[in-house]
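Peer 1: Structure of the sequence below:
(one chain, ligands or ions: 1)
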Amino acid sequence: MAVPSALIRSLQTATGFHQEAFEAVHASGEQIVSIRLNPLKPFDHSHLPISETVGWCENGKYLSERPFFTFDPFLHAGAYYVQEASSMFLWQAIKQLVPITTGKKVLDLCAAPGGKSTLLASYFTDGLVVANEVIKNRANILVENCSKWGAEQLLVTNNDPSHFQSVPGFFDVLMIDAPCSGSGLFRKDPDAIEEWSEANVALCSQRQQRILADAIPCLAENGILIYSTCSYSQAEDEAICDWLTEELQMESLSLKVEENWGIVETIAPVHGAIGYRFYPDQVKGEGFFLACFRKKTTEFAGKMKLKALPMTSKLQVQQLHSQISLPENLSYFDQNEAIRAIETQWLKDLRTLASHLYIKKAGIEIASLKGKDLVPSHELAMSNWLEGGYPSVDLDLETALLYLKRKEFSVEGQKGWNLMRYGGLQIGWAKILPNRINNYYPGEWRILKE
Ligand code: SAM
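Peer 2: Residues are numbered from 1 along each chain as shown. All right, here's what the predicted structure looks like:
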């Protein structure tokens, strides 16, 4: 696999670039596999060939070979996320820069498919994390991955970056994992080489500036901006950092990096902003760039609109509580004929966001009421909120896969709604009837491979 010579030429002045080693590692075809564990869903992972922990992220684990992830029910249970190791450096950045997480509001602006959002949700367990994706069909996979992760404080929106200007100064942390020319993934995805061009690097650089300029007004004064790309090109990395410092008066922040991680610190040529480069010949991971900033300017915000949410009637909440045991601190609202719940502490923020943005998912969908019948929702099974009320059935691997393929399967269990579990984790609902079992695994998420 040959890296484009124009890219190699452009990298001659990049800090830490070693042409020979860089070309050799791309020619080697070596593949690094890593996953990030979900602290909400501990499980027995002895079937996965975990070799070591990722240095900069304690939930990150390297695997010695790539398993067939699709046929592992734990993946569908949201017990882990398959994520490239370098990008888990975000964990280190927030750990160092935002040690106190309580009440923090976090936006992951370019979020699909959800690698960074699920990481942020695992860190800001007592904060509010908004995962946004502008492209509609990519927002669906983001909803799927966030739902499986089961974090109730993780919201999904589907908006253009400029729409966030209507909530000035709202967020404490802004993550922008910008769309880029993708050279950092050449080793993992050689097809990306075909799509690379100098012209596209220039286009990406302009788009990155536009996205940043559009989104930064939604960050509070002293809020933290984390900017990342999977491109090696300085036009998308150091040049953007210089531009952020000069044009948007952002203050560059540095991180402590252990020497044995192999991460290269780089200093932008004009204004000296600091960034971190990941070269696959030096780190155990793919190409990546990350830089952190503090916002030094103030937004002059008027009073933000507060839309009334359609709150669920007391009678329906009572009906819900008569069948399902849930935590006490929840507020219930209706959406698309279903009842959803969010922790009451976030209700006002949700109302603000709902007044200005298109919300795809907020809180956890609990159930829909069909007359007197209560149909429990898949999102509820994926969350850790259920405190009782339903019997469960433990499935073996073969039956779990039939269930996840949405096929017919047979198990013994109490009549009515049952939670399907695998290895101690909930994977969804089934309704056991006298003569059959109705499989309620979401059709659009089912395993299609045989
Ligand atoms: N953060 C994601 C993760 O870790 O899983 C990966 C994000 S990917 C590098 C960049 C995302 O930006 C893509 O999902 C893409 O659809 C989105 N995007 C593309 N054009 C955009 C634009 N003009 N504004 C905002 N986001 C855009």
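Peer 1: The stretch 151-300 of the chain: strands as residue ranges?
Peer 2: All strands of the stretch 151-300 of the chain, identified by DSSP state E, counting those that start in this stretch, fall at 154-157, 171-177, 219-229, 250-253, 264-267, 274-278, 288-295.
Peer 1: which other helices and strands contact the third one?
Peer 2: With contacts defined as 3 or more Cβ pairs under 8 Å, 6 or more residues apart in numbering; DSSP states H and E, the secondary structure elements packing on strand 219-229 are helix 89-97, strand 171-177, helix 238-247, strand 288-295. To be clear about C-beta, it is placed using only N, CA and C from the backbone, and glycine gets the same treatment.
Peer 1: if you set the cut-off to 7 Å instead, what comes out?
Peer 2: In this structure, strand 219-229 packs against helix 89-97, strand 171-177, strand 288-295, with contacts taken as 3 or more Cβ pairs under 7 Å, 6 or more residues apart in numbering; DSSP states H and E.
Peer 1: what would these look like in CSV with mean neighbour count, distance to residue 418 and mean pLDDT?
Peer 2: Listed next are the helices and strands packed on strand 219-229 as CSV, based on neighbours: other Cβ atoms under 10 Å; distance: least, Cβ to Cβ, whole Å; pLDDT from 0 to 100:
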stretch, mean neighbour count, distance to residue 418, mean pLDDT
helix 89-97, 20, 36, 98
strand 171-177, 24, 38, 98
strand 288-295, 24, 43, 98
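Peer 1: count of neighbours near residue 427?
Peer 2: Using other Cβ atoms under 10 Å, residue 427 has 25 other residues around it.
Peer 1: where along the stretch 101-250 of the chain do the helices fall?
Peer 2: 115-123, 136-149, 191-195, 198-215, 238-247 (DSSP state H, counting those that start in this stretch).
Peer 1: picking up where we left off before, would you reformat the helices and strands packed on strand 219-229 as a markdown table and include distance to the ligand?
Peer 2: Listed next are the helices and strands packed on strand 219-229 as a markdown table, based on distance: least, Cβ to the nearest ligand atom, whole Å:
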| stretch | distance to the ligand |
| --- | --- |
| helix 89-97 | 8 |
| strand 171-177 | 4 |
| strand 288-295 | 10 |
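Peer 1: Need the ones you listed in TSV (columns: distance to residue 33).
Peer 2: Shown next, in TSV, are the helices and strands packed on strand 219-229 (distance: least, Cβ to Cβ, whole Å):
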stretch	distance to residue 33
helix 89-97	17
strand 171-177	20
strand 288-295	16
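Peer 1: Low-confidence bits of the chain, can you list those?
Peer 2: Applying pLDDT under 70 to the chain flags the ranges 1.
Peer 1: What residues does the stretch 201-350 of the chain have near the ligand?
Peer 2: Applying Cβ under 6 Å from any ligand atom, we find that the stretch 201-350 of the chain lies next to the ligand at 207, 211.
Peer 1: For the ligand, what is the nearest residue in the stretch 201-350 of the chain?
Peer 2: For the stretch 201-350 of the chain and the ligand, the shortest gap (Cβ to the nearest ligand atom) falls at residue 211, measuring 4.9 Å.
Peer 1: so that residue touches residue 177, yeah?
Peer 2: No: with contact defined as Cβ atoms under 7 Å, residue 211 does not reach residue 177; the gap is 10.4 Å.
Peer 1: And for residue 299, the neighbour number?
Peer 2: For residue 299, the neighbour count with other Cβ under 10 Å is 17.
Peer 1: pretty sure it is touching residue 167, no?
Peer 2: No: applying Cβ under 7 Å as the test, residue 299 and residue 167 come out as separate, 9.6 Å apart.
Peer 1: picking up where we left off before, need the helices of the stretch 101-250 of the chain in TSV (columns: mean neighbour count and distance to residue 426).
Peer 2: Shown next, in TSV, are the helices of the stretch 101-250 of the chain (neighbours: other Cβ atoms under 10 Å; distance: least, Cβ to Cβ, whole Å):
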stretch	mean neighbour count	distance to residue 426
helix 115-123	25	17
helix 136-149	19	11
helix 191-195	12	37
helix 198-215	17	36
helix 238-247	20	42
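Peer 1: Adding distance to residue 256, write the ones you listed out as JSON lines.
Peer 2: Listed next are these as JSON lines, based on distance: least, Cβ to Cβ, whole Å:
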{"stretch": "helix 115-123", "distance to residue 256": "17"}
{"stretch": "helix 136-149", "distance to residue 256": "28"}
{"stretch": "helix 191-195", "distance to residue 256": "32"}
{"stretch": "helix 198-215", "distance to residue 256": "25"}
{"stretch": "helix 238-247", "distance to residue 256": "19"}
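Peer 1: can you tell me which of these comes nearest to residue 312?
Peer 2: Closest approach to residue 312 among the helices of the stretch 101-250 of the chain is made by helix 136-149 (19.8 Å; Cβ to Cβ).
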